[in-house]
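my questions are about this predicted structure, shown below with the sequence.
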Amino acid sequence: MAKFALPGWLRTAGFAALALFLLYFAFQGVDLNAVWESAQEAKWGYIGLSVALGYIAILSRGQRWTYVLKYLGYPTTLWRAVHATGVGYLVNLAIPRAGEVARATALNRADKTPVNVLIGTILIERTIDLLMMAGLLGLAFLSASEELSSLIALTQSETDPQAGPGIPWFKLFLGLLSIGALIAWLCRARIQASPFYAKVRDFLKGMLEGIKAVGQLPNKWAFWAHTFFIWGCYYAMVYVCFYALPFTADVTPAQGLFVMMAASLGILIPVPGGVGAYHYLVAMALVVLGLPYAQGLAFATIVHAAQAIMLMSSGVIGLIGLSARKSPDNVHGQD
């Protein structure tokens with residue numbers, strides 16, 4: 001049977017259309033003048049600090065990557081790992097989930113490390129990141145359970161000029177999940193025999209093996225230190241932005257973690273750079289904390305724009321850096 005796959009341009013166009021829809025959804029019925037007036041109150045020094053923290057996290061992520069590659073017998077330099085990571089983030093801004101492949105391809109072209117090895121190391125990172133996000137989500141639930149409950153309820157409410165737009169997403173999610181589970185049960189034999197099932201099984205197996213591999217690293221404590229440092233930078237780069245605007249300056253550290261988790265959930269939605277989803281969820285999280293929706297959108301727009309500029313800059317720097325640092329004496333072998 002012929003294998004059907006959507007053309008790359010069609011998937012990209014679909015992601016872009018979804019991003020535009022979510023952006024429209026986030027800003028519908030909002031007084032844009034109110035958002036602009038709120039944004040003009042920003043203290044840009046704090047925004048600059050947030051951008052710097054974001055790039056420091058990329059530096060740390062690159063260093064952590066070198067530990068895994070060295071253990072596998074494919075050592076690389078810090079700057080090659082950092083530049084390839086920046087290229088991956090740049091591509092992710094345009095095509096969701098394509099950054100991992102672009103990151104592996106970028107380092108392969110610079111060092112000739114096999115792409116399948118690089119994809120495996122990136123899978124290890126993503127597994128650890130998912131565990132960290134789950135842990136922080138649990139911590140946010142413990143420290144701000146009322147706020148999380150309010151956010152879930154508020155995002156499902158009817159559109160309100162002060163609270164922002166709502167959609168019964170939780171009911172839709174449960175409905176789709178129930179239908180999907182029923183179809184999976186009825187077609188379980190065909191699903192288990194399909195290539196997709198084998199890919200999912202291999203993916204989960206790879207995640208488990210990746211976690212085991214981290215425990216075998218000779219410098220595993222340095223790996224975990226960088227992991228906690230990276231996520232500390234992620235938290236700090238959001239939290240310092242609260243001081244950039246007068247109406248968010250009183251946000252507590254626990255509330256900051258709550259907003260960060262809302263931002264992380266927005267980034268997880270497969271649209272370029274989390275556009276629209278990020279704006280909506282962060283704005284609604286600030287509504288839960290007592291701010292008008294327009295002020296929440298102003299904060300979300302400024303922070304998202306700053307992070308996007310940082311990621312684009314790191315990607316451009318990465319492309320230039322990898323082109324300048326190619327050398328024939330640093331070749332590990334063909335993939």
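Good, I have the coordinates.

Leu59 contacts Trp79, correct?
No - using Cβ atoms under 8 Å, Leu59 makes no contact with Trp79, being 9.3 Å away. Where you see a C-beta, it was placed from the backbone N, CA and C, and this is true even at glycine.

intersection of neighbour lists for those two?
With Cβ atoms under 8 Å, 6 or more residues apart in numbering applied, the contact sets of Leu59 and Trp79 do not overlap.

buried sites along stretch 52-72?
Under the neighbour-count criterion of 16 or more other Cβ atoms under 10 Å, stretch 52-72 has 53-55, 57-69, 71-72 buried.

actually stretch 103-116, not the one I typed
Here stretch 103-116 shows 103-108, 110-114 as buried, counting by 16+ other Cβ under 10 Å.

in strands, which of these appear?
Of the positions in the buried residues of stretch 103-116, not one sits in strands, assigned by DSSP state E.

mind putting the residues you listed into a markdown table with pLDDT and distance to Phe228?
What follows is the buried residues of stretch 103-116, written out as a markdown table (pLDDT from 0 to 100; distance: Cβ to Cβ, whole Å):
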| residue | pLDDT | distance to Phe228 |
| --- | --- | --- |
| Arg103 | 92 | 22 |
| Ala104 | 89 | 25 |
| Thr105 | 90 | 29 |
| Ala106 | 91 | 26 |
| Leu107 | 92 | 24 |
| Asn108 | 89 | 29 |
| Ala110 | 86 | 28 |
| Asp111 | 86 | 27 |
| Lys112 | 84 | 32 |
| Thr113 | 85 | 26 |
| Pro114 | 86 | 30 |
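
find the centremost residue of this protein, please.
What sits nearest the mean C-alpha location of the chain, by Cα atoms, centre = their mean, is Ile267, with 4.5 Å.

so that residue touches Leu281, yeah?
No - counting by Cβ under 8 Å, Ile267 sits too far from Leu281 to count as a contact (9.3 Å).

give me the buried positions along the longest helix along the chain.
Using DSSP state H, we find that the single longest helix of the chain is helix 293-324. Neighbour counts over helix 293-324 (16+ other Cβ under 10 Å) mark 293-304, 306-308, 310-312, 314-315, 317-319, 321-322 as buried.

ranges for the helices of the stretch 101-250 of the chain?
Listed in chain order, the helices found in the stretch 101-250 of the chain under DSSP state H, counting those that start in this stretch are 115-143, 145-154, 169-186, 188-192, 195-216, 220-242.

touching the next helix or strand after the last one from outside, list them.
Yep, that's helix 220-242 we're talking about. Sequence order places helix 253-268 as the next helix or strand after helix 220-242, per DSSP states H and E. With contact meaning Cβ under 8 Å, 6+ apart, helix 253-268 is reached by 133, 136-137, 139-140, 143-144, 147-148, 151, 234-235, 238-239, 242, 251, 273-274, 277-282, 284-286, 288-289, 300, 303.
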